[in-house]
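Novice: after the sequence you'll find the predicted model.
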Amino acid sequence: MKMDRTHDISQMIKAEAISLGFSACGIAEAEEIDEKNASAFCKWIESGHNATMEYMANHLDKRLNPRLLHPNCKSIISLALNYYPQQLLRPDQLQFALYAYGRDYHDVMKQMMRQLAEYIMNVLPDASLKLCCDTVPILDRYWAWKAGLGWIGKNTSLIIPRAGSFFFLCEILIDKELEYDVPLSLHCGNCTRCLQACPTKALMAPYTIDARQCLSFLTIENRDSELLPALEGSNCIYGCDRCQLACPHNRFAQPTSNILFKPSEDFMNMQPSDWRKLTVEKYRSLFKGSAVKRAKYEGLMRNIRSVGGKTEKSKHEE
Ligand code: SF4
Ligand code: SF4
């Protein structure tokens, strides 16, 4: 492709991504992960900080080199989608990670990615694409940073300037050279609010989470049926956002315009006593098409029992 055409096509892809409803789109050259980030990731795995998420250690070669994920891969199109809700659960309710309020993001993002892929194939009919939405071993935040979308904060989230960190990330790999964005050199400076806000000290050092202590892992991925001592005194029953909510950059967060992420009234009205009485039928109706199904009914009930139904309000009332 000639330089002007490469520029035009790259701009057209980005414009189409935004018109389809993505919040941001950037493009990076597909190459091996840089030395610093590759070594930090390997050290994280070697230290066991991935807890029982063995899949994080699988396909390490591909995770560190996206060219092994797709034949002749030249470029990575990184996409972000805002999920910040219009309305948050009140502090006296049991808490869910904000990303889990609405429809399962996998379904929403995949549909949008397919539409973008169709557009790209119209513009570049001989291109070969690979869509990556959580099931492919790729470091989303690294590629979002490389593609100029934002920077990785000390809480390990991708922070988009003047927009915050409540974004889903996904990628399209393509065997065409495109025009590449420049990674941002912004960073957190002296701020440590996220480290101070972490209730379990899972955020053990800047840029390092020990998943074994993290409420997100413990409440969602962890299949242990025992009660979770780390949840005692907490009100998080599915995921945790404290290290993001504490981040000053999230004061710029704007509610998502994607109606599929809008929570149901039923969900928003659930009280601690309702959660404690949750039946399988109610669970199914509340979470039809939701990512919360990942924790399964038994897992969610374990979490509810582990917090003992305590909320910030009820604790103060004791
Ligand atoms: S998600 Fe919660 S528990 Fe995990 S690192 Fe962030 S604040 Fe800590
Ligand atoms: S809270 Fe502060 S240190 Fe943590 S990610 Fe946000 S800006 Fe960075």
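Specialist: Structure's in. What do you need? Ligands and ions are numbered 1, 2, ... in the order given.

Novice: show me which residues of this structure are close to ligand 1?
Specialist: Near ligand 1, the residues belonging to the chain are 197-200, 202-203, 209, 214-216, 240, 242-243 when assessed by C-beta under 6 Å from any ligand atom. In this view, the C-beta of every residue, glycine as well, is placed from N, C-alpha and C.

Novice: narrow those to those in strands?
Specialist: Secondary structure assignment by DSSP state E places 203, 209 of those in strands.

Novice: and Leu300, what does it touch?
Specialist: 237-238, 278, 283, 292 (C-beta atoms under 8 Å, 6 or more residues apart in numbering).

Novice: could the residues of the chain next to ligand 1 go into CSV alongside neighbour count and distance to Glu265?
Specialist: Rendered in CSV, the data for the residues of the chain next to ligand 1 read as follows (neighbours: other C-beta atoms under 10 Å; distance: C-beta to C-beta, whole Å):
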residue, neighbour count, distance to Glu265
Ala197, 17, 29
Cys198, 19, 32
Pro199, 17, 29
Thr200, 17, 32
Ala202, 22, 33
Leu203, 24, 34
Ile209, 21, 34
Cys214, 26, 30
Leu215, 27, 26
Ser216, 20, 26
Cys240, 26, 24
Arg242, 20, 26
Cys243, 26, 29
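
Novice: check the residues of the chain next to ligand 1 against ligand 2, which are close?
Specialist: Applying C-beta under 6 Å from any ligand atom, the subset of these adjacent to ligand 2 is empty.

Novice: which one of the residues of the chain next to ligand 1 sits closest to Ala38?
Specialist: Ile209 (17.7 Å; C-beta to C-beta).

Novice: give the contact list for that closest one.
Specialist: When the contact criterion is C-beta under 8 Å, 6+ apart, the partners of Ile209 are 49, 156, 202-203.

Novice: bridged to it, which residues?
Specialist: For Ile209, the beta-bridge assignment (DSSP bridges) gives partners Leu203.

Novice: ok, Cys25 next?
Specialist: The residues paired with Cys25 through beta bridges, assigned by DSSP bridges, are Leu79.

Novice: correct me, but it touches Met12?
Specialist: No. In this structure, Cys25 sits apart from Met12 without contact. The criterion is C-beta atoms under 8 Å, and the distance is 10.9 Å.

Novice: tell me which of the two has more neighbours.
Specialist: Cys25 (23 against 13; other C-beta atoms under 10 Å).

Novice: for the more buried one, give me the pLDDT.
Specialist: With respect to pLDDT, Cys25 has a value of 98.

Novice: kindly report the same for Ala291.
Specialist: Ala291 carries a pLDDT score of 91 in this model.

Novice: my read: it touches Tyr99, true?
Specialist: Yes. Contact criterion C-beta under 8 Å: Ala291 and Tyr99 qualify, at 7.2 Å.

Novice: shared neighbours, the two?
Specialist: With contacts defined as C-beta under 8 Å, 6+ apart, the residues adjacent to both Ala291 and Tyr99 are Tyr105.

Novice: I'd like to know how many residues surround the residue in the stretch 201-318 of the chain that ligand 2 sits nearest to.
Specialist: Among the residues of the stretch 201-318 of the chain, Cys247 lies nearest to ligand 2; the distance is 3.2 Å by C-beta to the nearest ligand atom. Burial of Cys247, expressed as a neighbour count using other C-beta under 10 Å, amounts to 24.

Novice: excluding its backbone neighbours, what's nearest it?
Specialist: Once its chain neighbours are removed from consideration, Cys247 has its nearest residue in Cys194; the separation is 5.7 Å (C-beta to C-beta, 6 or more residues apart in numbering).

Novice: tell me the secondary structure for that neighbour?
Specialist: Of the three states, Cys194 takes helix under DSSP: H, G, I helix; E, B strand; the rest coil.

Novice: before we move on, the earlier item: can I get the residues of the chain next to ligand 1 in CSV with distance to Glu177 and pLDDT?
Specialist: Putting these into CSV (distance: C-beta to C-beta, whole Å; pLDDT from 0 to 100) gives the following:
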residue, distance to Glu177, pLDDT
Ala197, 42, 97
Cys198, 41, 96
Pro199, 46, 94
Thr200, 45, 94
Ala202, 40, 96
Leu203, 38, 97
Ile209, 35, 97
Cys214, 39, 96
Leu215, 42, 95
Ser216, 37, 94
Cys240, 40, 96
Arg242, 42, 96
Cys243, 37, 98
